[in-house]
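Peer 1: The following block contains a protein sequence and its predicted model.
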Amino acid sequence: MLERVAQEAASIEELMLQIGRNAKAAARPLATASTEQKNRALEAMASAILASEADILAANAKDLEKVRDSGLQASFIDRLTLSKDRIAAMAQGLREVAELKDPVGEVIAAWDRPNGLHIERVRTPLGVIGVIYESRPNVTADAGALCLKAGNAVILRGGSDSALSSRAIHACLVKGLVEAGLPEAAIQLVPVTDRAAVGAMLTGLDGAIDVIVPRGGKSLVARVQSEARVPVFAHLEGLCHIYVDASADLDMAKRIVVNAKMRRTGICGAAETLLIDSAAMNSHLQPLIEALLAAGCEVRASPIVLKVIPGLKPATEEDWRTEYLDAIISVAVVDGISGAIDHIARYSSNHTEAVIAEDPEVVERFFNEIDSAILLHNASTQFADGGEFGMGGEIGIATGKMHARGPVGVEQLTSFKYRVHGTGQIRP
């Protein structure tokens, strides 16, 4: 369908406007589609993805071939790469979204007024969502599924590096829509890689797009936030911190710190800065750094850390502000929980922070005084993920404070309206 639209369009602008019109038309029946129909589509999509594994892997191999000699970071290549396990996980994610409670029509609150009016606040779809993403072809399935479950049409604009992979996945999503009797335009993938398509989406496509969700590097998200004429759910970067208190269990701290940094270095929930309580310098500092070095992580150290463990690379002021997305971490010693809170307040991107401690007062202060979207106690920052929260995946993690914050799942992809029931009341 999109290929036909692309052929008929005389320009990128015309193509994108037509995609917007198609999405807006599809949003109306989606808003009232039954839960059973949406779930049937999601199940069919999952089956189609598993059946098309060979095609998806072949498309992904071509994408990888294009970037093989480009000098891109290993973390970027990892995000781009698909495997049998990742395809199976994609299909499982679709099925998990199908199992989620349908948010559309849920009565969030209800109350009666003294004059007898009965008022309800009810969840409704947002309408049309534009998702702009880089490198991660699995976002095609995640975003498509979550928007569909929340009753929204979605326009997907993937990165040029993952174009073939995204198209192969999108074809499976369309099969699911058709099988369930839903409009094909409910999930559209922009069929061109021209950057002008992004600019067109940021204008709102003549009122068709209700919200934009960017998912990618700092430059992409900054551009979206700067140029978008519609609301944006976004975070600029995931500059995540771990604070290890003197009360922390050392073995637990080593496991968590290594996992938070090294499990997958290229995700936004990867830890970038390790803060260690000065009262734990003698007991915790060296074992933690040795564990990171043994795992293949480069350590950039503050002056105090260098005095204890000479030979490490000195950390610069820029290091405290850097989302490495690589096997690199900055380490500093701080004056207890107060020092950790001050450091995080100064440098954090308000994405995700973790505290490792057994002292309940330390944990309480960490949770109360740090204003990031996700806070963890005695757990890896790599749990900053909608799927791990039981949300069936996420369309991204929002660090703003309006409407959506943290993992953006099906509930966050809805708005609400008020239904007021009367028995003939008039206002005096």
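Peer 2: The structure has been received and is ready for your questions. Numbering: from 1, shown residues only.

Peer 1: ok, Trp111 touching Ile119?
Peer 2: Yes. Using Cβ atoms under 8 Å, Trp111 is in contact with Ile119, at 5.7 Å. In this view, the C-beta of every residue, glycine as well, is placed from N, C-alpha and C.

Peer 1: who's more crowded, the two?
Peer 2: Counted by other Cβ atoms under 10 Å, Trp111 and Ile119 do not tie: Ile119 has more neighbours, with 14 against 9.

Peer 1: show me what contacts the more buried one?
Peer 2: Residues near Ile119 by Cβ atoms under 8 Å, 6 or more residues apart in numbering: 110-113, 418-421.

Peer 1: Please apply the same query to Gly20.
Peer 2: 128, 155, 205-206, 208-209.

Peer 1: are any of those residues buried, and which?
Peer 2: When the contacts of Gly20 are checked for burial by 16 or more other Cβ atoms under 10 Å, the buried set is 128, 155, 205, 208-209.

Peer 1: and the gap between Val232 and Ala398?
Peer 2: As defined by Cβ to Cβ, to the nearest Å, Val232 lies at a distance of 9 Å from Ala398.

Peer 1: for Ala222, same thing?
Peer 2: For Ala222, the distance to Ala398 - Cβ to Cβ - is 15 Å.

Peer 1: do the same with Ile119
Peer 2: From Ile119 to Ala398 the distance is 28 Å (Cβ to Cβ).

Peer 1: again with Asp78
Peer 2: 24 Å.

Peer 1: For the two, indicate the residue with more neighbours.
Peer 2: Legend: neighbour count by other Cβ under 10 Å for Asp78 and Ala398, higher for Ala398 (22 against 15).

Peer 1: Test of understanding: give the bridge partners of the more buried one.
Peer 2: Gly406 (DSSP bridges).

Peer 1: any idea how far it lies from Ala46?
Peer 2: 26 Å.

Peer 1: Quick check: which element contains the closest residue to Gly93 other than its chain neighbours?
Peer 2: Using Cβ to Cβ, 6 or more residues apart in numbering and skipping the chain neighbours, the partner closest in space to Gly93 is Gly393 (4.8 Å). Using DSSP states H and E, Gly393 sits in no helix or strand.

Peer 1: Let's see the pLDDT reported for Gly393.
Peer 2: On pLDDT, Gly393 comes in at 71.

Peer 1: what sits against it?
Peer 2: 93, 96-97, 142, 145-146, 386-387, 409.

Peer 1: low-confidence ranges in the protein?
Peer 2: Low-confidence segments of the chain, defined by pLDDT under 70: 1-10, 235-236, 392.

Peer 1: could you redo the last one with a cut-off of 50?
Peer 2: 8 (pLDDT under 50).
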